[in-house]
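Trainee: Here is my input, please return the structure:
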Amino acid sequence: MLGVIQGFTVIGVIIGVGVLLGKTGWLGPHAPGVLTKLAFWVATPSLLFTVLADADLATLVSAQFIVSTIVMLSMALLVAVIAAVFRWGIRDGAVAALSSSYVNAGNLGIPIAVYVLGDATLVVPVMLAQLLLMAPVFTTILDVAAARSLGTRLRWWRIALRPFQNPIVIGALLGALVSLIGLPIPEFVFEPLALIGGMTVPAVLLAFGISMLDNAVPLRGPERGRVLIATVVKMVVHPIVAWLVAAYAFGLDGAQLLAVVVTAALPTAQNVFTYASQYGTAVRLARETVLVTTVLSVPAILIVTILVHP
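Mentor: Take a look at the predicted model:
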């Protein structure tokens, strides 16, 4: 469990610094908005480009990638249906769907993959599934819904082009293209992008910590029902369905099965909070789901490791 403790300690310290900055007001009242805009428009696209440019896209044809993608989309669809039934709205429903399916495969997934799974590359398929599929699809939904809320009806071709106007999608697609064609990137280009991309996690976590002052105690606000639904789907349904699909539909076992189920038990990624903040919708839902699932993921990963470990 060393990897779990290490990953959560890093996250907790940075969020704590964000809380301190919020209490002191040193960064001013607009700090969370500035930090999330920095992450959305500059840091995250740079990070995705550098990560995917160095990634082995051959993992896209692996069983682990296929299983992780199917299960994540299933969880998102399940919550989207619930959101439609209870009329949460398209944007709030999209954030809720992301909260129940988009896992923290980066700053938590990598150390856990190293210490629990013994191989950092085992978390790569789920990262690629999220970067190349989940993020483009849901940011496009949020883009289109935001445009319609302003009274702008987009034609089909504008909707088709919408993903290519999103900085996160652009960064991911360019990185994947570089990896696919094997284009060498000069160090004087790659290193600045890597440094800028390195701001993503601390910027989001600091903004998260500052925003916690608005509602430090989760599950007490008007969105507690939605938070509970997203949390139960993420921390209970997601790992169970991942195990069933991986073991019985695809016949995975051993390290591959453990990798699929452990990554499914990871908490909601802070990226979801970034998206909610950027689009100005369901911010409290995203923040509270990230917080609650992060706390619950410690026992969840421990239980999964004990039950599924080969």
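
Trainee: May I see the buried residues of stretch 255-266?
Mentor: The neighbour-count check on stretch 255-266 (16 or more other Cβ atoms under 10 Å) flags 256-266 as buried. Quick note: C-beta positions are derived from backbone N, CA and C, even for glycine.

Trainee: What of stretch 22-41?
Mentor: Quick answer for stretch 22-41 (16+ other Cβ under 10 Å): 22, 27, 31-32, 35-40.

Trainee: Give me the mean pLDDT for that stretch.
Mentor: Averaging pLDDT along stretch 22-41 yields 88.

Trainee: got it, and stretch 285-300?
Mentor: The model assigns stretch 285-300 a mean pLDDT of 89.

Trainee: in that stretch, what's buried?
Mentor: Quick answer for stretch 285-300 (16+ other Cβ under 10 Å): 285-294, 296-298, 300.

Trainee: Output it as CSV - backbone C-alpha positions only.
Mentor: In CSV, the C-alpha atoms belonging to stretch 285-300 read as follows (Å, rounded to 0.1, in the frame of the first residue of the first chain):
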residue,chain,number,x,y,z
LEU,A,285,-20.9,18.2,-7.8
ALA,A,286,-17.4,17.6,-9.4
ARG,A,287,-15.5,19.0,-6.4
GLU,A,288,-17.4,16.9,-3.8
THR,A,289,-17.3,13.7,-5.9
VAL,A,290,-13.5,14.1,-6.4
LEU,A,291,-13.1,14.5,-2.6
VAL,A,292,-15.4,11.7,-1.5
THR,A,293,-14.1,9.2,-4.0
THR,A,294,-10.5,10.0,-3.2
VAL,A,295,-11.1,9.2,0.5
LEU,A,296,-13.1,6.0,-0.4
SER,A,297,-10.5,4.8,-2.9
VAL,A,298,-8.0,3.8,-0.2
PRO,A,299,-10.1,1.0,1.2
ALA,A,300,-11.5,0.2,-2.2
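
Trainee: can you give me how far the regular element (helix or strand) spanning Ser179 is from the chain middle?
Mentor: Using DSSP states H and E, Ser179 sits within helix 167-181. Put simply, helix 167-181 sits 18 Å off its chain's centre (Cα atoms, centre = their mean, to the nearest Å).

Trainee: right, and the helix or strand after that helix?
Mentor: helix 187-197.

Trainee: For the residue nearest to Pro125 when sequence neighbours are not counted, list the residues it contacts.
Mentor: Closest residue to Pro125 apart from its sequence neighbours, by Cβ to Cβ, 6 or more residues apart in numbering: Phe65 at 3.8 Å. By Cβ atoms under 8 Å, 6 or more residues apart in numbering, the residues touching Phe65 are 59, 125-126, 128-129.

Trainee: JSON lines please, covering those residues and showing secondary structure and distance to Gln165.
Mentor: Formatted as JSON lines, those follow (DSSP: H, G, I helix; E, B strand; the rest coil; distance: Cβ to Cβ, whole Å):
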{"residue": "Thr59", "secondary structure": "helix", "distance to Gln165": "28"}
{"residue": "Pro125", "secondary structure": "helix", "distance to Gln165": "28"}
{"residue": "Val126", "secondary structure": "helix", "distance to Gln165": "26"}
{"residue": "Leu128", "secondary structure": "helix", "distance to Gln165": "22"}
{"residue": "Ala129", "secondary structure": "helix", "distance to Gln165": "23"}
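
Trainee: which among the residues you listed gets closest to Phe208?
Mentor: Taking Cβ to Cβ as the measure, Phe208 lies nearest Val126 of the contacts of Phe65, at 21.5 Å.
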